[in-house]
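Undergrad: Test case, fold it:
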Amino acid sequence: KRPGFGYGARNIQADNTSRERAFPSMPLMPFGRTKLQLSPHGRLGLILPVIGGIAYACAFPPLRLWPLVFIAWIPLWLSLAAESGLPHRYIGWRRPFFQGWLMGASAFIAMLHWLLAISNEEVNIPGIMVPALLLLGLYIGLFFGLAALFSRWLARCSGWPVAIVAPFVFLAFEYLRSLG
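TA: Residues are numbered from 1 along each chain as shown. From the prediction side, this is the model:
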């Protein structure tokens with residue numbers, strides 16, 4: 001049995017005291033769970049990927065601020081790097097995936113605005129373009145989510161910083177996305 005996964009209060013207490021020694025700055029919550037106090041785990045961890053997604057969208061037409069495509073990844077990588085230093089048991093796979101998905105979805109919903117410009121004469125079902133835009137943006141965002149999850153996992157397993165691992169992983173996922 002692993003400590004902290006038993007049914008008795010003795011195991012929970014043992015888990016809490018051992019974690020206090022290992023991570024003294026992390027406050028404890030009941031039943032051996034921790035409340036993460038790092039900035040990317042709060043609202044900032046959800047705002048940073050959206051800021052990156054909007055910056056990524058601004059790099060493409062109609063604004064064409066192309067240098068932003070290099071800077072847009074930094075907010076996401078900052079939030080992923082803050083999580084990669086914590087033990088895997090405290091941070092699951094959901095948070096990095098959600099942060100990457102949030103960046104991709106916000107970027108592609110903003111970039112695919114031209115779908116709304118299609119006239120109703122060209123579309124057989126009126127009013128379908130807004131849901132189509134949302135669903136397509138949410139779907140394409142999945143590639144960013146998987147890339148963020150794999151980047152965090154690879155950085156954790158290899159010991160390399162996320163800022164070095166993530167560009168190669170995102171490049172590979174962009175290539176996979178281009179295959180269809």
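Undergrad: buried sites along the helix ranked longest in the chain?
TA: Scanning the chain for the helix with the most residues, using DSSP state H, yields helix 129-158. Neighbour-count burial for helix 129-158, with 16 or more other Cβ atoms under 10 Å as criterion, is recorded at 129, 132-133, 137, 140-156. Glycine gets a C-beta too; all of them are placed from N, C-alpha and C.
Undergrad: Which other helices and strands does that helix contact?
TA: Packed against helix 129-158 by the contact rule (3 or more Cβ pairs under 8 Å, 6 or more residues apart in numbering; DSSP states H and E) you find helix 74-84, helix 94-111, helix 162-178.
Undergrad: Give me the distance from the first one to the chain's centre.
TA: Mean C-alpha position of helix 74-84 versus that of the full chain (Cα atoms, centre = their mean, to the nearest Å) differs by 9 Å.
Undergrad: pLDDT of it, averaged?
TA: Taken as a whole, helix 74-84 has an average pLDDT of 82.
Undergrad: and if you look at stretch 132-145?
TA: Here the average pLDDT along stretch 132-145 is 95.
Undergrad: CA atoms of that stretch as PDB?
TA: Provided in PDB are the C-alpha atoms of stretch 132-145 (Å, rounded to 0.1, in the frame of the first residue of the first chain):
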ATOM      1  CA  ALA A 132     -19.700  25.700 -36.700                       C
ATOM      2  CA  LEU A 133     -17.100  28.300 -35.800                       C
ATOM      3  CA  LEU A 134     -17.100  27.400 -32.100                       C
ATOM      4  CA  LEU A 135     -17.000  23.600 -32.700                       C
ATOM      5  CA  LEU A 136     -14.200  23.900 -35.300                       C
ATOM      6  CA  GLY A 137     -12.100  26.200 -33.000                       C
ATOM      7  CA  LEU A 138     -12.700  23.800 -30.000                       C
ATOM      8  CA  TYR A 139     -11.700  20.800 -32.200                       C
ATOM      9  CA  ILE A 140      -8.500  22.400 -33.500                       C
ATOM     10  CA  GLY A 141      -7.600  23.400 -30.000                       C
ATOM     11  CA  LEU A 142      -7.300  19.700 -29.100                       C
ATOM     12  CA  PHE A 143      -4.000  19.600 -30.900                       C
ATOM     13  CA  PHE A 144      -2.600  22.400 -28.700                       C
ATOM     14  CA  GLY A 145      -3.900  20.600 -25.600                       C
END
